[in-house]
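Engineer: Sharing a sequence plus its predicted fold:
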Amino acid sequence: KKDGVWFIPAGQLMNNIGATVVRGEGKIRVEVYSRFIEFTENSDIALTKDGEMKLCAKVFRGEKEQLYVPVDDLCKPLRMHATYFAHNNFISIESETEERPVPVQP
């Protein structure tokens, strides 16, 4: 938690739940459930399927050189939600739907 905002290393977490994670120089793109969000280091603007999205805080390089993004901003365009459990200092991220769209194979 930094300045009242919860951040997570999006690449590590989302890769572990089966999302496609594409890392570039100072950028990270997360693709899951036929949706995506792309973050840029030191920016408070993300790119989504619906265009640019203003973030509540800037993306920063944190522990182990990973890009840390605001967790609520990560979840919103991916149709997910995060809940923090203070009693065990744990953030749970869940999909809002169990529908698993089949990706188009070009």
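Structural biologist: Done, it's in.
Engineer: Buried residues, the helix or strand of the chain with the lowest mean pLDDT. List them.
Structural biologist: Least confident helix or strand of the chain, by mean pLDDT, DSSP states H and E, is strand 90-95 with a mean of 82. For strand 90-95, a neighbour-count test (16 or more other Cβ atoms under 10 Å) marks Ile93 as buried. No exception for glycine: its C-beta is placed from N, CA and C like everyone else's.
Engineer: in its sheet, what does that strand sit against?
Structural biologist: When pairing is defined by DSSP bridges, strand 90-95 lines up against strand 80-85 (antiparallel).
Engineer: ok, and what's touching the strand it pairs with?
Structural biologist: Residues outside strand 80-85 that contact it (Cβ atoms under 8 Å, 6 or more residues apart in numbering) are 6, 71-72, 74-75, 90-96.
Engineer: What is the most widely separated pair among those?
Structural biologist: The most widely separated members of these, counting by Cβ to Cβ, are Phe90 and Glu96 (19.4 Å).
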